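Novice: pasting the sequence and the predicted model now:
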Amino acid sequence: SVNGRDDFFYPKVHDIRALTLPVPIHEERGLKVSYNTGNHFGVMRVHYSADPAKDEAWAEERKAGLSEEQWEQEYEINWDIYIGKKFYVGFDPAIHVRPVMPENNRPIIRGWDFGYLWPAVVFGQVDDRDRLLVLDEYHTPDTDLEVFSRDVIGYSKANYPNFNFEDFCDPAGKQHSDKGPDTSIAILNKVGVYPGYRFVRDEGYSWGILKQLLRQTVGGGVRLLIDPRCKLTIMGFNGELHYPPYRHGARTKESPVEKHPFIDIHDALKYLVLGKFDIKQEESHYKDAYEYDSLIERYAARGYMRM
């Protein structure tokens, strides 16, 4: 019970049993009572404020050490805050965002997402310390892939002359669709781009690679750096991409909501990292790598890990 007295709830529950349809909502401080007409259950929503002893001072004391999301979910019974729960909780602009320059002796890697009328490309490079440098992004809304691919080639030549390119894309790009007679990969082939791709059944593995790249190593370094020019990429990391709305009893997918244009940019980045990285198995390399024990075991068993 809210205040430790066992008889606090009884009158309210008893009243619910006597109600007939349609049922008005009963509400008083910290307590809401309703009737579910589908399963005929009485529903009682009890907030901590139902106990007069739990005042603002009590709340401030309890908030210590909790994030805003944790407080809202656990104490304010606000499951809508789940919508705002960042997908990339390990991202810190002070750590991960800094000017980066490509190294001349290494290829530029392009990740392609073919989203219908929302295509996107992310430009990256893996440096000599096995870090992913996210150099640039290219996104043009409301355009078809044929026009977009030509534009990307022009942009690449103008901004990264004398570099070789390596490309990765969504494996679904090899499938025919109602967009036209050519597959998305065939359209890229027309402009001289022959992308690789890697198929995994559980896209949580792809997102898992990205999340692990955000982690700090024991020495305080990171394996993912993003240039400030990549505004949509950074916004996606910083909260624009979040988990879907909470649904009681539903299994949460390990993927963010499809919020354009951020999901398009991050899908492109996902295909890039899936082509170049795996979840790192040397757990001791990371401060909090114990979180990946079960993840590594699960995906190794499925054959996703490139041993």
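Specialist: Structure received. Not measured: the values here are computed from a predicted model. Numbers count the residues shown, from 1 in each chain.

Novice: would Leu210 count as being in a helix?
Specialist: Yes. Under DSSP: H, G, I helix; E, B strand; the rest coil, Leu210 sits within a helix.

Novice: and it, how far from Gly124?
Specialist: According to CB to CB, to the nearest Å, Leu210 stands 12 Å off from Gly124. Placement of C-beta: from N, CA and C, glycine included.

Novice: and the two? which has more neighbours close in?
Specialist: Set side by side, Leu210 and Gly124 show more neighbours around Gly124, with 29 against 22, by other CB atoms under 10 Å.

Novice: quick check, that one in a helix?
Specialist: No. Read with three-state DSSP, Gly124 is strand and lies in no helix.

Novice: for the stretch 201-307 of the chain, give me the ranges with low pLDDT.
Specialist: 218, 245-253, 280-307 (pLDDT under 70).

Novice: ranges for the helices of it?
Specialist: 204-214, 231-235, 262-276, 293-301 (DSSP state H, counting those that start in this stretch).

Novice: show me the one of those helices that comes nearest Arg223.
Specialist: Closest to Arg223 of the helices of the stretch 201-307 of the chain is helix 204-214 (CB to CB; 4.7 Å).

Novice: between the closest one and helix 262-276, what angle do the directions make?
Specialist: Per axes from the mean of the first three to the mean of the last three CA atoms, to 10 degrees, the angle that helix 204-214 makes with helix 262-276 is 90 degrees.

Novice: from the contact counts, what lies against helix 204-214?
Specialist: strand 224-226, helix 262-276, helix 293-301 (3 or more CB pairs under 8 Å, 6 or more residues apart in numbering; DSSP states H and E).

Novice: about what we covered before: and among the helices of the stretch 201-307 of the chain, the most buried is which?
Specialist: helix 262-276 (a mean of 25; mean count of other CB atoms under 10 Å).

Novice: quick one: distance of it to the chain centre.
Specialist: 11 Å (CA atoms, centre = their mean, to the nearest Å).

Novice: next one: stretch 89-103
Specialist: That offset, for stretch 89-103, works out to 17 Å (CA atoms, centre = their mean).

Novice: ok, and for it, which residues are buried?
Specialist: Gly90, Phe91, His96, Val97, Val100, Pro102 (16 or more other CB atoms under 10 Å).

Novice: that stretch: end-to-end distance?
Specialist: End-to-end distance of stretch 89-103 (CA to CA, to the nearest Å): 29 Å.

Novice: all numbers from here: first residue = 4
Specialist: Shifting the count to begin at 4 puts that one at stretch 92-106.

Novice: quick one: residues in contact with that stretch.
Specialist: 111, 128, 130-131, 136-138, 163, 166, 214, 217-219, 225, 227-231, 237, 240-241 (CB atoms under 8 Å, 6 or more residues apart in numbering).

Novice: ranges for the strands of the stretch 104-253 of the chain?
Specialist: 111-116, 123-129, 135-142, 168-172, 227-229 (DSSP state E, counting those that start in this stretch).

Novice: got the angle between the first one and strand 135-142?
Specialist: In terms of direction (the same axes, to 10 degrees), strand 111-116 departs from strand 135-142 by 50 degrees.

Novice: between strand 111-116 and strand 123-129, how big is the angle?
Specialist: Using the same axes, to 10 degrees, strand 111-116 lies at 150 degrees relative to strand 123-129.

Novice: list the contacts of Tyr158.
Specialist: So, once contact is read as CB under 8 Å, 6+ apart, Tyr158 ends up touching Tyr141.

Novice: which neighbours do Leu213 and Gly127 share?
Specialist: In contact with both Leu213 and Gly127: Leu272, using CB under 8 Å, 6+ apart.
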